[in-house]
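Participant: okay, sequence plus prediction incoming.
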Amino acid sequence: MTGRLASLFLLTLLGCCGLGGCGGSGDPSSKVLVIGLDGATWDIINPLMKEGRLPNIKALVDSGFASHLQTDVPSLSPIIWTTIATGKPPDQHGIKSFMLLDPKTGATVPYTSNMRRTKAFWNILSEEGLSCGVVGWWISWPAEEVNGVIVTSYSAVKVSNRLWKGTIFPDLEDQTYPQEFMKTVRPIIEDCERTVNSELQARIFSRVDTKKLKPIQNTVIDDTRNVFLADEIYSRTAEHLLRERKDLDVVSVYLSGTDVACHRFWKYYKPRGLPEFNTTQEEVRMLGSVIPDYYEHIDRIIGRLVAIDPDRSVVLISDHGFQAETRQGMGQNERSGGHEKKRLPGILLLSGEPFVRKNLTEKPGRSELPTIYDVLPSLLYLQELPTALDMPGRVLKEAFKKDVLLDRPVRSQDTYDLGAASSGAPVAPIASDLDRALQERLENLGYLMLQQQNEPQTGNQDQPLEKSDDEAESKKKKDD
Ligand SMILES: [Zn+2]
């Protein structure tokens, strides 16, 4: 009798834990690897998978729930990635673009993490006693205190015309939490800087003959190489966390090269759709495979990340899709792919023990398409936490196995945002000192070609500001 009572008691305890109160079951498949691929689209992935070029993504598709992911407009990276992280619309989370005018100084500066007015998943998980490792997410600098590790992304659009996606700078403060994690990141950066360029050259740019290209094309290739390098640094940092911190409930990593490659190389990838560029056969031969080659490279990165901890569930998402696009008068026509004008769906892929196998990437089906607002409620559900009634999204029940849904009913609470900045007065960006330090640092490193002062207010701009050091290229614009 005692034995039976004891086991009943144990069951009750387990049941309570599953239904309320404590998040995280200790079940390895509740642990999650979230991979954010900026601008990734099934339009590119599906044909490459059929050619056998993306074996790791294909393995995830074959074993999980794959769908399009509806997005918002404008589909600018800082806005959408913050929406995904908070489950809230921009009016509530407060991140409206890349840069804003600092009312105190009159300078145009990047949005900073203190300006986010609702809690991101790393805040929520930490407060609920779960742990996370967050690498490279937009608007995460300065690093916030979390139960785990943050490696931030500092948006360098204001101060460098070479690095316009977030990246890590060797000596900028507050790029990691805890601070001392920078000691782990620094050798990764150094190693990547030493080895990756030749690897990228061999894999992505081996057909390029710089002498046969215009200066602007060579500048674009150099810029892109730097973004690819940032992806390598972020992904190797995430690999480190997956290896050394198996206890972390959620590990996330953001990679931007897929977006940048599509903005810059679409006219070589699909030249027929963009006759106005008069792309030559020679250019197509040299640059036509940059986009598929980079997707292939990303597939290898995904393979490495997943292999470290194969029991971990995988959430692979993008913020929007892509299409051919010209922007007359901008970037001397170096921009040929875009996404801001239409709601081009991104990708959603959920793979692991709790998820059903269903591929809705070719035919979306009749059911309601998942949206960027559904990612956080579903992530919370996976962590056995309630979703929040003030989040417009829903738990994507169609992606979870029936027994999971039976064992673990969807719960909700009013909000996670008690104590968030949303109720307070407007917050100014943390900017001036570090911007200056960063500028000096970049100048010393030779990164900074030309800095600019006193740019106009850019609250709704969709293009980061920049100027080139090369007069002939001075109108070149960066992508988001
Ligand atoms: Zn973009």
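Facilitator: Sure thing, it's come through.
Participant: alpha carbons only for contacts and neighbour counts from here, please
Facilitator: OK.
Participant: where does pLDDT dip in the stretch 1-150 of the chain?
Facilitator: 1-29 (pLDDT under 70).
Participant: what segments of it are strands?
Facilitator: Along the stretch 1-150 of the chain, the segments classed as strands by DSSP state E, counting those that start in this stretch run 32-37, 64-69, 99-101, 108-110, 132-135, 148-151.
Participant: nearest to E398, out of those strands?
Facilitator: Evaluated over the strands of the stretch 1-150 of the chain, closeness to E398 peaks at strand 64-69, with 8.8 Å, by CA to CA.
Participant: what lines up beside that closest one in the sheet?
Facilitator: Strand 64-69 has its sheet partners listed here by DSSP bridges as strand 346-351 (antiparallel), strand 358-359 (parallel).
Participant: what is the rounded mean pLDDT of the last one?
Facilitator: When the per-residue pLDDT values of strand 358-359 are averaged, the result is 96.
Participant: and the next helix or strand past that strand?
Facilitator: Next along the chain after strand 358-359, taking DSSP states H and E as the criterion, comes helix 375-382.
Participant: the helix or strand just after that next one pairs with which strands?
Facilitator: The element immediately downstream of helix 375-382 (helix or strand, assigned by DSSP H and E) is strand 387-388. Here strand 387-388 has these sheet partners by DSSP bridges: strand 412-413 (parallel).
Participant: picking up where we left off before, the strands of the stretch 1-150 of the chain: which one's closest to L255?
Facilitator: Ranking these by proximity to L255 (CA to CA) places strand 32-37 first, at 5.1 Å.
Participant: next one: the closest one to chain centre, how far?
Facilitator: 8 Å (CA atoms, centre = their mean, to the nearest Å).
Participant: likewise for stretch 48-58?
Facilitator: 21 Å.
Participant: what residues sit buried inside it?
Facilitator: Across stretch 48-58, burial judged by 16 or more other CA atoms under 10 Å covers 48-49, 53-58.
Participant: which one of those is nearest to R203?
Facilitator: R53 (13.3 Å).
Participant: picking up where we left off before, please identify the most buried of the strands paired with strand 64-69.
Facilitator: Most buried of the strands paired with strand 64-69 by mean neighbour count (mean count of other CA atoms under 10 Å) is strand 346-351; its value is a mean of 27.
Participant: so which residues make contact with that one?
Facilitator: 39-42, 60-61, 63-71, 313-321, 399 (CA atoms under 8 Å, 6 or more residues apart in numbering).
Participant: mind listing the helices for the stretch 251-400 of the chain?
Facilitator: Applying DSSP state H, counting those that start in this stretch to the stretch 251-400 of the chain gives helices spanning 257-269, 281-287, 290-308, 375-382.
Participant: could you count how many residues lie near V306?
Facilitator: By other CA atoms under 10 Å, 19 other residues sit near V306.
Participant: ok, now the one 4 residues further on?
Facilitator: P310 has 14 neighbouring residues, counting by other CA under 10 Å.
Participant: tell me the contacts of it?
Facilitator: P310 neighbours (CA under 8 Å, 6+ apart): none.
Participant: which residues of the stretch 51-200 of the chain fall in helices?
Facilitator: Using DSSP H, counting those that start in this stretch, helices in the stretch 51-200 of the chain cover 55-63, 77-86, 90-93, 121-127, 182-203.
Participant: tell me what the last one is packed against?
Facilitator: So that's helix 182-203. helix 215-244 (3 or more CA pairs under 8 Å, 6 or more residues apart in numbering; DSSP states H and E).
Participant: now the helix it packs on: buried residues?
Facilitator: For helix 215-244, the neighbour count (16+ other CA under 10 Å) marks 216-221, 223-242 as buried.
Participant: beta partners for the spatially most central residue of the chain?
Facilitator: Most central in the chain under CA atoms, centre = their mean is Y254, positioned 3.3 Å from the mean C-alpha point. Listed by DSSP bridges, the beta-bridge partners for Y254 are G36.
Participant: who's in contact with it?
Facilitator: By CA under 8 Å, 6+ apart, the neighbours of Y254 are 35-38, 135-137, 231, 234.
Participant: show the buried residues in those residues.
Facilitator: Neighbour-count burial (16+ other CA under 10 Å) applied to the contacts of Y254 gives 35-38, 135-137, 231, 234.
Participant: including distance to H93, could the contacts of Y254 go into JSON lines?
Facilitator: Listed next are the contacts of Y254 as JSON lines, based on distance: CA to CA, whole Å:
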{"residue": "I35", "distance to H93": "22"}
{"residue": "G36", "distance to H93": "19"}
{"residue": "L37", "distance to H93": "21"}
{"residue": "D38", "distance to H93": "20"}
{"residue": "V135", "distance to H93": "20"}
{"residue": "G136", "distance to H93": "18"}
{"residue": "W137", "distance to H93": "15"}
{"residue": "D231", "distance to H93": "26"}
{"residue": "Y234", "distance to H93": "25"}
